[in-house]
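J.: Okay, here's the prediction I keep looking at, along with the sequence it came from:
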Amino acid sequence: MPLLLLEVPLKRDGMVVAWGGNVLAETTLPAGLGGVIAISAGYYHNLALKSDGTVVPWGYSDEGLGTVPAGLSGVFAIAAGDYQNLALVAEALAGPPLISLTPQSQTADVGSAVNLLVNASGAPPLAYQWFFNGTNAIGGATFTELLLTNVQPRDSGAYTVVVTNAFGTITSSPAILTVLASPPTILESPRSQTAIIGRFLDFTVRGGGSLPLSYQWFFDGGPISDAHSADLHLAGVQFSQAGAYTAVVTNAFGAVTSAPAMLTVISVPPSPPTGTVIALGGRLSWPDQRAYGVERHNRSRCGMGAQYRTCVKWYSLRVGVRLFW
């Protein structure tokens, strides 16, 4: 078989990601794989050690590589070779469970997700129950992982897990979750612009704070209908749209208004000094030719052979600027 390269990193939340060579499904993860505390990559197969002491193989499965020995549990270390697998198994003791990895304290923004993880060993089977603030059992939280989604300030507090087997019970040290409730802030205000009548432009505001954030754009103090994103697109601008544009960013904890961005609408660009080079070695688009007052001359009039010459004039006054293409 040819030599193939693959990467199989382990994430902090116990999930595995794999990419690279996939000739024998060595980067195709088993469905539902999670709670992993260690991984080992072999030649064309991989092993994952879960927090409950069990092993999950995937990839090349011949020669017994994809078959876990019946009853294998209590594993605390693994190694995948070319065509063999190794596992270190703790001697099953008739005693209460032990916690080797306690859930860690975290700080999170409102609306984000938080994952807490515990690792325990002991005589199987092990049972888990998570608690909030010591006495409130969390419904359905009976695994090694606790996933909290869309956290809110009310979710701030102490989280513990009780691990039980037939010989006893142990409670983890508390993991303190702090949920930040931040009012919105303006990280970047929209910028003032000058536009030629009939053109389009965009204003952009960048907000921060606890999610979710909502937006409302205003023109000269009045709300703009259907303008509820961080970007405001104006197409075919008219003189009546010249003025001050602001954005209000809102979340559950307040609102903030950006600095005003001024829009100036003009009919044509202001006239430059005589002899100013507008462009060289390119082609002006037809809207720009009209805006800048471009005149075209054929070769017989300009004497340029097969070439064309464009003379730019401002209003009705030529300034001697030539563009060739």
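T.: It's in.
J.: How is the chain divided into domains?
T.: Listed by automatic domain parsing, the domain ranges of the chain are 6-89, 98-180, 185-266, 286-324.
J.: want to try JSON lines for the ones you listed, with mean neighbour count and mean pLDDT as columns?
T.: In this view, the C-beta of every residue, glycine as well, is placed from N, C-alpha and C. Listed next are these as JSON lines, based on neighbours: other CB atoms under 10 Å; pLDDT from 0 to 100:
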{"stretch": "domain 6-89", "mean neighbour count": "16", "mean pLDDT": "84"}
{"stretch": "domain 98-180", "mean neighbour count": "16", "mean pLDDT": "93"}
{"stretch": "domain 185-266", "mean neighbour count": "15", "mean pLDDT": "96"}
{"stretch": "domain 286-324", "mean neighbour count": "13", "mean pLDDT": "41"}
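J.: residues contacting the residue most central in space within the chain?
T.: Against the mean C-alpha coordinate of the chain, by CA atoms, centre = their mean, the closest residue is Ser112 at 12.0 Å. Residues counted as contacts of Ser112 (CB atoms under 8 Å, 6 or more residues apart in numbering) are 150-151, 211.
J.: what does Asn133 give?
T.: 157-158.
J.: Paired strands for the helix or strand containing Val265, with orientation please.
T.: Using DSSP states H and E, Val265 falls within strand 261-266. Its sheet considered, strand 261-266 pairs with strand 193-196 (parallel), strand 243-251 (antiparallel) by DSSP bridges.
J.: Need the residues that contact the very next helix or strand once past the longest one.
T.: Along the chain past strand 243-251, the next helix or strand (assigned with DSSP H and E) turns out to be strand 254-257. Defining contact as CB under 8 Å, 6+ apart, one finds that strand 254-257 is touched by 183-186, 207, 246-249.
J.: Please repeat the previous calculation with a cut-off of 10 Å.
T.: For strand 254-257, contacts defined as CB atoms under 10 Å, 6 or more residues apart in numbering pick out 181-186, 189, 205, 207-210, 214, 216, 218, 246-250.
J.: export that strand as CSV, just CAs?
T.: Below are the C-alpha coordinates for strand 254-257, written out as CSV (Å, rounded to 0.1, in the frame of the first residue of the first chain):
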residue,chain,number,x,y,z
GLY,A,254,-29.1,48.1,26.3
ALA,A,255,-28.6,50.1,23.1
VAL,A,256,-25.9,52.3,21.7
THR,A,257,-25.9,54.7,18.7
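J.: what distance separates that strand from the centre of its chain?
T.: Centroid separation between strand 254-257 and its chain, computed with CA atoms, centre = their mean, to the nearest Å, is 24 Å.
J.: Okay, now the sheet partners of that strand, with direction.
T.: Short version: by DSSP bridges, strand 254-257 pairs with strand 243-251 (antiparallel).
J.: Which parts of the stretch 201-325 of the chain are helices?
T.: 286-292, 299-302 (DSSP state H, counting those that start in this stretch).
J.: give the contact list for Tyr245.
T.: With CB under 10 Å, 6+ apart, Tyr245 has these contacts: 190, 192-193, 203, 205, 217-220, 224, 227, 232, 234, 258, 260-263.
J.: about what we covered before: out of the strands paired with strand 261-266, which comes closest to Leu98?
T.: strand 243-251 (43.6 Å; CB to CB).
J.: next one: the closest one to chain centre, how far?
T.: Counting by CA atoms, centre = their mean, strand 243-251 comes out at 25 Å from the chain centroid.
J.: Adding distance to Gly64, write the strands paired with strand 261-266 out as JSON lines.
T.: Formatted as JSON lines, the strands paired with strand 261-266 follow (distance: least, CB to CB, whole Å):
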{"stretch": "strand 193-196", "distance to Gly64": "69"}
{"stretch": "strand 243-251", "distance to Gly64": "56"}
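J.: out of those strands, which comes closest to Ser172?
T.: Using CB to CB, these put strand 243-251 closest to Ser172, at 33.4 Å.
J.: what residues are up against Pro184?
T.: 207-211, 213-215, 248-257.
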